[in-house]
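Chemist: One predicted model, sequence on top.
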Amino acid sequence: MLTRRAAIAGLGVGLVAPALLSLPRRPAARPLLTPPVAGAPALHDVTLEAKARSVKLLGKDGPESTLWTYGDELFPVLRLKRGDRLRATLKNSLGEHTSIHWHGVRVPNDMDGVQYVTQKPVEPGESFTYDFSLPDTGTFFFHPHCNETGQVGHGLLGVVIVAGDESEAFDDEAVIIAKDWRLAEDGSFLPFSTDSGAARAGTFGTLRTVNGVKRFARKVPAAADIRLRLLNLDATRMMDVGVEGAEARIIAIDGNPVEAMPLDSWRMGAASRLDLVLRTPKAGGKVRLRDYFPTEIFDLAELEAEGPDRRAEPFDPAPLYASRVPEPDLAGAETQPFVFGAASDAIASFIDTLDPDDPLSKVILDDLCTASRTFWAINKRSWPNDGHRNLPPPLARLKSGKSYRFTLQNATPHPHPIHLHGHTFKVLGSSKRKLPVHYADTVLVLPKERIEIAFVAAAGKWMFHCHILEHLETGMMGYFANA
Ligand SMILES: [Cu+2]
């Protein structure tokens, strides 16, 4: 059993120090390239049927578990190009209402998939068609937005890959989806949420998987530059990701290209994505993608090189094309503070600003969209539980097209991955860590940490919440109403 400490110590003594002496100087990061004009957009028509399906997650001799999936596949991957149009029909064959939220995709507000807030719930037997264009390249995902612990906990997740960021093609690509499951030994699901978990760091799964298997292994071409698209789609887990057996660079965060930077280790909260490129070893060599966060290191992937060498030149991946996310005006931005904390008595004193007939008010009468208890708050306001009559007013009303600078302050002893719908924000820095300036849609805010982000507001009602699913269900969620 190798611990993180032993592995790092081993690396320090055995590998890193002597190797450094002989390594050529690291070339300066090459800047991102200006994206070309997108080609003619293609139309992608897909049907995503949300339905129950039996899968042997506990091994092929183990019991069956009843998962909920989009179609016949666990975690379907939709591949499109920047500028393409996606027309995705959600067909609900479950016994409860659902929707699809396109995490990280800058969609029009009415395509954002939040029940009651941006659309009517898609009831059992009903369908709903999402229709929008993909403005940005990157690695994204999709999931429902009510009863998230239950629906995502059962497996309702899919991936959207928007191509068009590579100025030179890599030799291979692997999609790596990390997600744990709350399974009993007989294959049935354990309760997805517990009071002790929801009020602390979250309720963890009992089975850790990547792409639905306990040990994910794959063959890759030898001496090749391969791209890994890693998605942390767990409801709770935080990971410290690193690579052993190959030189690796981070090339995108939450799908947004960055100037290639060496991967030492990168911390990923729930809902975060990381794109890496690495140079594989010669045939027979192995590369491990590892999570150093748990006491016992977990291997997310084992990649074994095979076949003839693909490349002889030194490892220096071509820069990606830059994203086209609107650049916030930092000098002219309005600053707003947001404190993520425990629920307080303030939840009892909501001002009912919404008309009870407003569709938004219906959200709290629906027990799929609210929990029965409240532990968390944003700026002392909690997303209501089902004991409240009305929704709280929005956290703020922003002006579309205007730049905002938010400070995100974590006043709890637990990390919170904070997600803003419909926007890609610029992470400017942290009060505790050296973070590169980068674009993201979800940012991990550690205990006692303050993170600054900036973005240009878009029109509509946009959710703002922690992506530890139990936290959003027990109060750590709000919304912006932007005109
Ligand atoms: Cu949280």
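Modeler: Done, it's in. Numbering: from 1, shown residues only.

Chemist: make it CA atoms for all contacts and neighbour counts henceforth
Modeler: Noted.

Chemist: Residues contacting stretch 59-73, please?
Modeler: Stretch 59-73 is contacted from outside by 47-58, 75-76, 151, 154-158, 186-189, using CA atoms under 8 Å, 6 or more residues apart in numbering.

Chemist: Got a quick PyMOL command for the buried subset of those?
Modeler: Buried residues among these (16 or more other CA atoms under 10 Å), as a PyMOL selection:
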select buried, resi 48+49+50+51+52+53+55+56+57+58+75+76+151+154+155+156+157+158+187+189
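
Chemist: Show me the contacts of stretch 59-73 that map onto helices.
Modeler: The subset of the contacts of stretch 59-73 located in helices under the criterion DSSP state H comprises Gln151.

Chemist: Just to be sure, which of the contacts of stretch 59-73 are found in strands?
Modeler: For the contacts of stretch 59-73, membership in strands holds for Thr47, Leu48, Glu49, Ala50, Lys51, Ala52, Arg53, Ser54, Val55, Gly158, with DSSP state E as the criterion.

Chemist: Contacts only, for the first one.
Modeler: For Thr47, the residues meeting the contact criterion (CA under 8 Å, 6+ apart) are Gly71, Ala88, Thr89, Leu90, Lys91.

Chemist: looking at the sheet around it, what are its partners?
Modeler: Thr89 (DSSP bridges).

Chemist: what about it, distance to Trp102?
Modeler: According to CA to CA, to the nearest Å, Thr47 and Trp102 sit 15 Å apart.

Chemist: returning to that earlier point: for the ion, state which of the contacts of Thr47 is nearest.
Modeler: Distance to the ion across the contacts of Thr47 (CA to the ion) is lowest for Leu90, with 28.3 Å.

Chemist: Quick check: Gly197 is in a helix.
Modeler: Yes. Counting by DSSP: H, G, I helix; E, B strand; the rest coil, Gly197 is located in a helix.

Chemist: Retrieve the pLDDT associated with it.
Modeler: The confidence metric pLDDT takes the value 92 at Gly197.

Chemist: Burial check on it, number of neighbours?
Modeler: A count of neighbours around Gly197, defined by other CA atoms under 10 Å, yields 15.

Chemist: same question, Glu185
Modeler: With neighbours defined by other CA under 10 Å, the count for Glu185 comes to 11.

Chemist: Okay, and the beta partners of the residue in the stretch 351-483 of the chain that the ion sits nearest to?
Modeler: The nearest approach of the stretch 351-483 of the chain to the ion comes at His416, 3.7 Å away (CA to the ion). Assessed by DSSP bridges, His416 has beta-bridge partners Val445.

Chemist: swap in Tyr404?
Modeler: Beta bridges link Tyr404 to Glu334, Phe455 when assigned by DSSP bridges.

Chemist: my guess is it meets Glu327, correct?
Modeler: No. Under the criterion of CA atoms under 8 Å, Tyr404 is not in contact with Glu327, lying 10.9 Å apart.

Chemist: Quick check: neighbours shared by these two?
Modeler: Taking CA under 8 Å, 6+ apart as the criterion, Tyr404 and Glu327 both touch Phe455, Val456.

Chemist: what about those two, which has more around it?
Modeler: For Tyr404 and Glu327, the more surrounded residue by other CA under 10 Å is Tyr404, and the numbers stand at 23 against 14.

Chemist: Return the residues in contact with that one.
Modeler: The contact partners of Tyr404, taken as CA under 8 Å, 6+ apart, are Pro328, Leu330, Ala333, Glu334, Thr335, Gln336, Ala454, Phe455, Val456, Ala457.

Chemist: Go ahead and list the helix or strand containing the second one.
Modeler: Just to be clear, that refers to Leu330. Leu330 is part of no helix or strand, with elements assigned from DSSP states H and E.

Chemist: Look up phi and psi at it.
Modeler: Note on Leu330: backbone dihedrals following degrees, to the nearest 10 are phi -70, psi -40.

Chemist: For the remainder of this discussion, apply numbering that starts at 332.
Modeler: All set: I'll call the first residue 332, so the last point we hit is now Leu661.

Chemist: Give me the phi and psi for Leu488.
Modeler: When read as degrees, to the nearest 10, the backbone of Leu488 gives phi -150, psi 150.

Chemist: bridging residues for the nearest residue to it once chain neighbours are set aside?
Modeler: Nearest in space to Leu488, with sequence neighbours left out and distances taken as CA to CA, 6 or more residues apart in numbering, is His474 at 5.0 Å. Following DSSP bridges, His474 is listed with bridge partners His432.

Chemist: how much space between the residue nearest to Phe535 when sequence neighbours are not counted and Ser603?
Modeler: What sits nearest to Phe535 in space, not counting adjacent residues and going by CA to CA, 6+ apart, is Thr567, at 6.3 Å. Thr567 sits 11 Å away from Ser603, going by CA to CA.
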